[in-house]
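> Below are the sequence and a predicted model for it; my questions follow.
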Amino acid sequence: MDGVHFRVRLEQARLCCLVMVGVRVDGTKELVAVADGERESTDSWAELLRRLRRRGMRAPVVMVGDGALGLWRALPEVFPATCSQRDWVHRVAGVLACLPKACQAGARKALAEIRDAPDRQHAQHAIEAFARDDGAKWPKAVAKVTGDAEALLCFFDFPAEHWPPLKTSNPIESTFSPVRARTRVTKGPGSKAAGLAMAFSCWKQPRTGGGRSTGRTWSRWRAGARFDKGMLVERPDEDEAAGVAA
């Protein structure tokens with residue numbers, strides 16, 4: 001989920017377009033919602049989520065988005081069982097914005113070691129190292145990672161083939177790029193309805209929307225298959241028996 005803001009030319013107002021894209025068990029991507037919101041407030045996100053629930057949508061397994069507080073306050077009210085995953089692209093940009101340019105290269109490398117760690121344990125060790133090395137000098141930057149560590153590492157709870165798409169909200173960002181390009185040329189849509197229609201049409205273009213995500217193991221994971229460090233354990237009963245025998 002994410003939101004994009006642009007000016008409405010004829011109404012002298014701004015539109016906050018709230019977008020939700022879903023991925024089915026088989027990997028098929030679906031545009032779930034495009035709605036007009038009051039900024040990215042808690043009430044706007046909560047109303048959108050309630051509307052989707054009334055339409056029959058079940059609680060998503062995991063929700064991916066940036067650090068917009070409105071979404072993360074609304075989600076547990078409507079879908080309390082849904083896991084939360086923060087967008088790493090936005091979080092890295094937020095951390096680097098708190099640092100002087102001379103320190104950004106080292107911080108970028110430290111953040112990459114956390115994000116691309118082989119498992120949760122290594123990622124947590126990398127977070128501890130980042131806090132130990134830079135916490136005293138740049139506490140605000142470090143707090144953006146340590147304060148949201150659980151949500152930043154949520155993707156480790158799922159099969160490894162899904163880790164890359166779960167780390168970012170790129171399926172939506174790739175749609176926002178042509179929307180922003182068009183609004184720069186036209187100085188904004190003529191009305192809010194036109195802006196929502198433009199966002200919808202951009203998503204439906206094959207080069208920015210639709211398509212498939214990785215989905216081979218979702219059905220196994222949801223059926224209760226066991227995964228260790230993101231990898232499927234083919235015969236968990238035999239493995240456990242072998243451990244007991246040893």
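Structure's in. What do you need?
> need the next SSE after the longest strand anywhere in the chain, C-terminal direction.
If you go by DSSP state E, the chain has its longest strand at strand 13-23. Beyond strand 13-23 on the C-terminal side, the first helix or strand identified by DSSP states H and E is strand 29-37.
> mind listing what's buried in that following strand?
Within strand 29-37, the residues that qualify as buried by neighbour count (16 or more other Cβ atoms under 10 Å) are 29, 31-35, 37. (C-beta placed from N, C-alpha, C; glycine too.)
> what pairs with the longest strand of the chain, and is each one parallel or antiparallel?
With DSSP bridges as the test, strand 13-23 is paired with strand 2-8 (antiparallel), strand 29-37 (antiparallel).
> got the buried residues for the shortest one?
What it means is strand 2-8. In strand 2-8, counting by 16+ other Cβ under 10 Å, buried: 2-4, 6, 8.
> who's in contact with F200?
With contact set as Cβ atoms under 8 Å, 6 or more residues apart in numbering, F200 has these partners: 31, 34.
> Report the central residue of this structure.
Computing the C-alpha centroid of the chain and ranking residues by Cα atoms, centre = their mean puts V64 first, at 2.4 Å.
> Assumed that one was part of a strand.
Yes: with the criterion set as DSSP: H, G, I helix; E, B strand; the rest coil, the secondary structure at V64 is a strand.
> separation between it and F6?
Plainly put, V64 is 22 Å away from F6 if you go by Cβ to Cβ, to the nearest Å.
> Make sure W72 is actually in contact with T82.
No: with the criterion set as Cβ atoms under 8 Å, W72 and T82 do not qualify as a contacting pair; they are 10.7 Å apart.
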